[in-house]
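quick one: sequence and predicted model below, then my questions.
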Amino acid sequence: MGENVTDKKNSFKGLSDEEVKHYREIYGKNILTGTKGKHWIEIMKGLIKEPMIFLLIIVCTIYFLSDQLTEGIIMLAAIFIVAGISFYQEFRSGKALEALKKLNQPFSNVIRNGINISIRSEEIVVNDILMIEEGQIIPADAEVIESNDLSVDESIITGESLPVDKSKSRRDLYYGTLVTSGWGYCKVTDVGINTKTGKLGIIIEQITKEKSPLQIQLGKFVNLMAAGGIFAFVFVCVYNFILTGDFIQSLMHGLTLAMAVLPEEIPVAFSTFMALGAYHLIQNNIITKQPIVVESLGSATVICLDKTGTITENKMQVVKLFDFKSEKEIKIDAGISIPSSFHELIEYAMWASETIPFDPMEKAIHECFNNSGNPNDTSRYEMIHEYPLSHHVMTHIHSFGEKIVIACKGAPETIFEYAELNDSEIISLLRIINGMAEEGLRVIAVAKGKNLIDHFPEDQSRFCWEFLGLLGLEDPPKKNIKKVISDFYKCGIKVKMLTGDFPLTAKSISEQAGILNTEKVLTGKKVMEMTIEELKEYVSTINIFARVFPEAKLRIIEALKSNGEIVAMTGDGVNDGPALKASHIGIAMGQRGTETAKQSASLILVNDDLSNMVTAISYGRKIYSNLKKAFRYIISIHIPLISVVTLPLMLGLKFQNIFSPVHVIFLELVMGPTCSIAFENEPAEKYLMSEKPRMNTSVLFKFNELFLSVVQGLMITAGLLFILIYSGNRQYDESEARTLVFTTLVLSNIFLTLTGRSDNYTILKTIFYKNTLLYFIIGITLLLLVMSLKAEPVMKIFEFTLISASDFLMCVITAFVSVIWIEFVKLFRKNQL
């Protein structure tokens, strides 16, 4: 619901619903063409370029050219199945990304039917009346119709870094530019591709593509395997041709090996995990600006928290007043009138606030003024000038007729300098400030000014200031914040608070919130005075930073990063942008965050609830853990697949060309869904949240983890070689040997999947983990195996023969033994711990 726009100065009616519909039909939606998703034809073109699809097309073509129609039809069907699975996974991932883009769309305030409402920026139409303010990205081309100290950063279009002042005389506003100060009302002139930004082709995408350390590692691994596949293909082709002289068969065996070597499941699994992970986070009110952030969530070692609205309720009220003239201090209670001697103090605090306040502190000041009983009529005054926030101080100038009001509020230490107080006065005031701060109150000072020259000075400090007094405002910690911070500590994450508040206030709130080691507080001024080496030492031990400003925040973040920390940071203001961008994981607030903060951040907490970050970290660790399980599974199962194609040939065994592309593609169809769907759905293990955060730049696998995966693959290979030798000793023909080896490999794959569900817990525990998809895929795999062993048409295609119950039992035992040994390793490690 909106609210009536009653302020005389801003009494714009805006468009009616009928006019909105009319202008949308003429000018369209406020969308740039670059925001459209991929067409299905583009997806299909991309699939054809996939190495596995390319190999299948070659194999299919060779089968048809050599009159092996049945095998050719099977390969053609396999192409459609593999392409269908890939298409489904990309479609599913695309849906998740589209949901992210939709949620990432900014909202804008417009006036329609005389009511102030918030709508998605894409719904803006030509002639809409927009309300813009500091920190907002302008959502369409427009013209200023009313403004106050409005300036805009147009560097995205002009390349000029200095903000441009805007008024009725210089009123053009452009889509995508940033409001750096002030506020204004404007009328939309162009939307979507008709904007200047749209015509220039500057497409601002919410989700950008950039490679993470993990992506780089995986890319190198896949490229290495692809190079190995090419070498193996050439070797097997040439070696087979030398032995047999049959070029077509040699080519087919080479292609079989190339298909076995290529780990095409890895990029598919990675993109599926990231996109679905981002989609699942949406369900927990967390928007990821970039899906690859999901893999980084579990690696944060430090989280830097803003105080107001993150740790505290962001619901302020004035609870104490100190009047400098009378040297009296009062506590404000509901229902108790405020003495007239305090009226001027409250009135000037109100003058120094926005006319229509958005900030909780300014709302509290307005509420205090309205309840004070002050008889002065302030509604006829007009704000004629506003100085940008500088050194935590804000100055407003109002006028009514000949009367001019100059009001200033902000950081006490700065206003002390402005008012030129003597040392004894400052010492006395600091004693009062410390008393308020020890109670956890936010303390601001108020002053009134006189202009001694015939024009307003460029710097607000150059007025002649008279100190009026102090306001103490209360913003208590959120009820759940102690548990949230405790959960961060349990995750091994260090917590630091960065605030613009007075040091004692910061210390009091941090203690109430449960932050550890709050004895020492470092101010923003001290941060800027230190060398980087000194600061690196201080940030490792100090958890509370007070009176910090944008440059100090950025310096703290950079120092933490220099110490090797993986830094997460929360922010909501325009000035938080640089620090949010500099941090590894920038976290913006969805409700009170400015568009600048949201664009700079990698995560957005939709409902401003920090407890969702604990959920996000938990999910990030789960995703990374399951991704490792999937990749280890891929490594382990590819080793026997490659070995069974190459080793019989190299060792001169009786059955040298046991598998054809038909067998490999069957196994690929089983392995793909297992690693990218089944493992993605594995529940998080309890120990994950008590582990120390991993380093974001660390390798995917430790040596012992990779070693175990390779050994698992070699053990399955040993089992398959045993079956081959067993078949030769029993004088089985090639089709019988092929049937036994294939059966053993498929069963080994199932056992490998079941044992790979946990690094620490045995199958006796993981069998009870809830994962319906995994058991469904295993069930489908067993059904297909039975069909290949019993259905004559399928047996013919696979060149299988019926096997006895005792031989099938031998396959089961061999597969079980070649995999189950890892469970004893888990038990041994658990006992060692």
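Looks like it came in fine.

what's next to stretch 115-131, contact-wise?
2-5, 12, 14-15, 19-20, 23-24, 26-27, 29-31, 105-112, 138-140, 142, 145, 183-191 (C-beta atoms under 8 Å, 6 or more residues apart in numbering). From N, CA and C alone the C-beta is placed, and that goes for glycine too.

enumerate the positions of that stretch that are buried.
The neighbour-count check on stretch 115-131 (16 or more other C-beta atoms under 10 Å) flags 116, 119, 121-131 as buried.

inside strands: which ones of the contacts of stretch 115-131?
3-4, 107-112, 142, 145, 183-190 (DSSP state E).

can you give me the helices for the stretch 101-250 of the chain?
Assigned by DSSP state H, counting those that start in this stretch, the stretch 101-250 of the chain shows helices spanning 155-158, 196-200, 213-244, 247-261.

so which of these is nearest residue 624?
With C-beta to C-beta as the criterion, residue 624 lies closest to helix 213-244 of these, at 8.3 Å.

show me what counts as buried in the closest one.
Neighbour counts over helix 213-244 (16+ other C-beta under 10 Å) mark 213-215, 217-218, 221-222, 225-226, 228-229, 232-233, 236-237, 239-241 as buried.

which helices and strands does that helix pack with?
helix 247-261, helix 265-282, helix 611-651 (3 or more C-beta pairs under 8 Å, 6 or more residues apart in numbering; DSSP states H and E).

any chance of the ones you listed in CSV, plus mean neighbour count and distance to residue 507?
Shown next, in CSV, are the helices and strands packed on helix 213-244 (neighbours: other C-beta atoms under 10 Å; distance: least, C-beta to C-beta, whole Å):
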stretch, mean neighbour count, distance to residue 507
helix 247-261, 22, 61
helix 265-282, 22, 34
helix 611-651, 22, 23
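
which one of the helices of the stretch 101-250 of the chain lies closest to residue 436?
helix 155-158 (41.5 Å).

and of the helices of the stretch 101-250 of the chain, who's closest to residue 514?
Once the helices of the stretch 101-250 of the chain are compared by C-beta to C-beta, helix 213-244 is nearest, at 32.7 Å.

gap between the closest one and the chain center?
Computed by C-alpha atoms, centre = their mean, to the nearest Å, the chain-centroid distance of helix 213-244 equals 35 Å.

what mean pLDDT does that helix have?
The average pLDDT within helix 213-244 is 74.

now swap in stretch 467-483 and tell me
What stretch 467-483 shows for mean pLDDT is 92.

got the end-to-end distance for that stretch?
42 Å (C-alpha to C-alpha, to the nearest Å).

which SS state does the residue of the chain most remote from its centre fall under?
Largest separation from the mean C-alpha position in the chain: residue 731, at 59.9 Å (C-alpha atoms, centre = their mean). Classification of residue 731 using DSSP: H, G, I helix; E, B strand; the rest coil returns coil.

and residue 789, by the same measure?
Residue 789 - assigned by three-state DSSP - is helix.

among the ones in strands among the contacts of stretch 115-131, name the buried ones.
Judged by 16+ other C-beta under 10 Å, buried ones among the ones in strands among the contacts of stretch 115-131: 108-112, 142, 183-190.

for these, name the two members farthest from one another.
183 and 190 (21.8 Å).

find the nearest non-adjacent residue to the most centrally placed residue in the chain, please.
Taking C-alpha atoms, centre = their mean as the criterion, residue 288 is the residue nearest the geometric centre of the chain, at 3.2 Å. In this structure, residue 288 finds its nearest non-sequential neighbour in residue 278, 4.4 Å apart by C-beta to C-beta, 6 or more residues apart in numbering.
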